[in-house]
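Peer 1: below are the sequence and a predicted model for it; my questions follow.
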Amino acid sequence: MRIAIDIDDTIANTNELLYVYADKYDKLYKEGHGIIDKDCYKFNGMYDWDEEDRINFLKTYMVEVFEKVDVKEYVREVISKLRKDGHYIIFITTRDGDFIEDSYSLTKNWLDNNNVEYDLVIAGDKRKSDYVELVGFDLFIDDSIKNCTKVSEKGCESLLFDTIYNRDCNDFKRFNNWLDIYEYIKSK
């Protein structure tokens, strides 16, 4: 099976680290009011920031966050098992080019430095659903409802990795850990 997997908040604890850096930015560059709405997903709603603050924050810290973010628990083991079971692993991420010069190298280096196995990396393109036909996915795993919806509309099964901002969605099989994802794939 060809399995396409998102990176940020699917195999990496990106938002957790972004919050650490957002607090740092808020204290250094703003008045340091901290979080005003902990349930808000966008920084300019979570903090007392405007759009310019959000963009400055991302320009200042995005690359560092992507380089330092931790891998979620059991990801390395599960991906390794999946490859040993004969599955083809494709990592696909939108890591935005507005804040990153070379999202492909940044992503590939992060995977290599964190010992996460893969067969193919696709980075910097927001149109993940276009790759269903171009590359041929049999299964797609992401934290984004929008991406899962668009990919499933192309006839590819999508699994939703649980996060605070997608909990209202019941349209996809939901997973909150990689051991359960492995068991699900193994049962297919």
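Peer 2: Thanks, I have the structure now. Since we're looking at a predicted model, the values are computed, not measured.
Peer 1: only C-alpha atoms for contact and neighbour calcs from this point on.
Peer 2: OK.
Peer 1: list the contacts of the lengthiest helix in the chain.
Peer 2: If you go by DSSP state H, the chain has its longest helix at helix 51-68. Here helix 51-68 makes contact (C-alpha atoms under 8 Å, 6 or more residues apart in numbering) with 14, 17-18, 21-22, 25, 43-44, 99-100, 106-107, 110.
Peer 1: counting neighbours, what do you get for residue 79?
Peer 2: By other C-alpha atoms under 10 Å, the residues close to residue 79 number 20.
Peer 1: let me fix that, I meant to ask about residue 162.
Peer 2: Neighbours of residue 162 using other C-alpha under 10 Å come to 19.
Peer 1: gap between it and residue 141?
Peer 2: 11 Å (C-alpha to C-alpha, to the nearest Å).
Peer 1: residue 118 contacts residue 87, doesn't it?
Peer 2: No. Counting by C-alpha atoms under 8 Å, residue 118 sits too far from residue 87 to count as a contact (9.9 Å).
Peer 1: show me where this protein has its helices.
Peer 2: 14-29, 43-46, 51-68, 75-84, 103-113, 131, 145-153, 178-187.
Peer 1: dump these into CSV; add distance to residue 168 and mean pLDDT as well.
Peer 2: Output for these, formatted as CSV (distance: least, C-alpha to C-alpha, whole Å; pLDDT from 0 to 100):
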stretch, distance to residue 168, mean pLDDT
helix 14-29, 18, 89
helix 43-46, 19, 69
helix 51-68, 25, 91
helix 75-84, 25, 98
helix 103-113, 29, 96
helix 131, 27, 92
helix 145-153, 10, 97
helix 178-187, 20, 98
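Peer 1: can I see the domain layout of the chain?
Peer 2: Using automatic domain parsing, the domains assigned to the chain come out as 2-11+71-187, 14-68.
Peer 1: hey, which of those is tucked in deepest?
Peer 2: Ranked by mean neighbour count, the domains of the chain are led by domain 2-11+71-187 with a mean of 17 (mean count of other C-alpha atoms under 10 Å).
Peer 1: next one: that domain to chain centre, how far?
Peer 2: When C-alpha coordinates are averaged (C-alpha atoms, centre = their mean, to the nearest Å), domain 2-11+71-187 and its chain have centres 7 Å apart.
Peer 1: just the CA trace of stretch 100-120, in CSV.
Peer 2: What follows is stretch 100-120, C-alpha atoms only, in CSV (Å, rounded to 0.1, in the frame of the first residue of the first chain):
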residue,chain,number,x,y,z
ILE,A,100,10.9,29.0,4.4
GLU,A,101,13.3,29.2,1.4
ASP,A,102,13.7,25.4,0.8
SER,A,103,10.9,23.4,2.5
TYR,A,104,12.0,20.2,0.8
SER,A,105,15.5,20.3,2.2
LEU,A,106,14.3,21.4,5.6
THR,A,107,11.8,18.6,5.7
LYS,A,108,14.1,15.9,4.4
ASN,A,109,16.9,16.9,6.8
TRP,A,110,14.4,16.9,9.7
LEU,A,111,13.3,13.3,8.8
ASP,A,112,16.9,12.1,8.4
ASN,A,113,18.1,13.8,11.6
ASN,A,114,15.2,12.2,13.5
ASN,A,115,15.7,8.7,12.0
VAL,A,116,12.2,8.6,10.4
GLU,A,117,12.3,6.3,7.4
TYR,A,118,10.5,7.2,4.1
ASP,A,119,10.4,6.4,0.4
LEU,A,120,9.4,9.8,-0.9
